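Asker: Turn this into a structure:
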Amino acid sequence: MPKKIAFMGTPIFSVPILKNIYQNGYEISAVYTQPPRKSNRGQKFEKSPIHSFAETISFDVRTPDQLKNNKSEYEYFKKLDLDLVIIVAYGIIIPKEFLSLSKEGFINLHASILPRWRGAAPIQRSIMSQDKETGISVMKINEKLDEGDISHIFKINIEENENAQTLSDRLSALASDKISEVIDSIIDKEVNFKQQDHSQATYAKKIKKIEGLIDWNDRAENIIGKINGLFPYPGGYFIYRGERYKILKAQISFNKDQPGKVLSSDLEISCGENSIKILEIQREGKKSQKINEFILGSKIEKGTNLFNV
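Answerer: Below you'll find the predicted structure:
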């Protein structure tokens with residue numbers, strides 16, 4: 001008899017995993033995702049990527065604002081009589097009373113090597129901290145934040161100058177590739193869950209827009225980590241004459257002057273240690289530009305100190 005699975009996820013990161021579960025013939029009893037939200041550019045409500053994909057397959061899509069104290073959703077979920085629940089970046093807390101409603105539990109695919117980078121932004125934090133590797137951890141959810149026991153960890157290297165978007169894409173593909181192995185081993189009880197070493201835990205707190213503001217006193221390596229880790233949103237940026245300039249791509253150089261000083265007309269900028277060369281930039285309200293295109297109309301001149309404007 002086919003095993004009944006529910007899937008919970010929201011962003012584009014989750015879509016390849018759900019797609020692979022479906023294509024491999026598992027019985028998906030329900031798909032949960034966050035409800036449609038107003039877009040940043042208007043009043044139109046937009047469905048999540050998981051919602052849009054699930055509708056193309058005619059899945060039963062559930063979009064509660066929350067599960068806590070939601071009696072009707074609890075009763076619906078209970079009637080599903082599930083064998084397993086797979087969660088990938090759902091973004092809604094699973095209440096304690098739900099955790100007993102799946103025979104093999106609620107399994108979360110988390111984008112870090114737990115216990116490092118528990119929390120909301122593990123991909124961004126791993127790059128900002130210049131980690132050399134990351135991965136997908138398969139964890140059984142309990143009542144605490146990302147503290148459940150682990151069944152699998154799949155690791156990949158973080159490439160030099162990799163940004164959060166490309167790393168997210170690679171981790172999503174990795175999770176998609178491994179999801180059948182994960183489901184089968186859990187359903188067939190062929191895997192052991194092991195407790196995390198909680199003493200080694202670090203936390204990937206939610207990204208705030210202000211974190212993108214560059215402090216030129218910082219080391220060039222840290223500034224590059226910020227630019228890459230916060231790409232595409234909110235981005236690493238500086239303010240010049242009241243306008244925001246988002247640095248989309250940069251590389252380390254080894255010249256040195258006062259922090260924040262523009263060392264060349266093609267925007268090499270001195271940092272607390274070493275310097276960075278900007279390769280791609282976006283002026284507020286404008287399209288992104290390669291640096292050779294940007295400097296044709298740039299008013300940021302060699303010798304300018306970006307701390308003083």
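
Asker: any idea how far Ser39 is from Ile187?
Answerer: 39 Å (CB to CB, to the nearest Å). Where C-beta positions appear, they are placed from N, C-alpha and C, glycine not excepted.

Asker: Settle it for me: which of these two has more neighbours?
Answerer: When neighbours are counted by other CB atoms under 10 Å, Ile187 and Ser39 differ, and Ile187 comes out ahead with 16 against 10.

Asker: give me every residue that touches the more buried one.
Answerer: Going by CB atoms under 8 Å, 6 or more residues apart in numbering, Ile187 touches 3, 83-84, 104.

Asker: mind redoing it with 6 Å?
Answerer: Lys3 (CB atoms under 6 Å, 6 or more residues apart in numbering).

Asker: quick one: it and Ser176, what's the gap?
Answerer: 18 Å.

Asker: My reading is that Ile223 lies in a helix. Confirm?
Answerer: Yes: counting by DSSP: H, G, I helix; E, B strand; the rest coil, Ile223 is found in a helix.

Asker: how close does Asn228 sit to Gly135?
Answerer: 18 Å.

Asker: oh sorry, the question was meant for Glu147
Answerer: Counting by CB to CB, the gap from Glu147 to Gly135 is 18 Å.

Asker: between these two, who's got more neighbours?
Answerer: Gly135 (22 against 16).

Asker: Run a quick check on the more buried one versus Lys155, I expect a contact.
Answerer: Yes: judged on CB atoms under 6 Å, Gly135 makes contact with Lys155 at a distance of 3.9 Å.

Asker: Break the chain down into its structural domains.
Answerer: 4-203, 209-294 (automatic domain parsing).

Asker: Next, Asn228: secondary structure please.
Answerer: Asn228 is classified as helix under three-state DSSP.

Asker: Just to check, it is in contact with Asn163?
Answerer: Yes: proximity of Asn228 to Asn163 meets the contact threshold set by CB under 6 Å, at 4.3 Å.

Asker: For these two, indicate the residue with more neighbours.
Answerer: Of the pair Asn228 and Asn163, Asn228 is the one with more neighbours under other CB under 10 Å, namely 26 against 19.

Asker: what's the distance between the more buried one and Lys103?
Answerer: In terms of CB to CB, Asn228 sits 42 Å off from Lys103.
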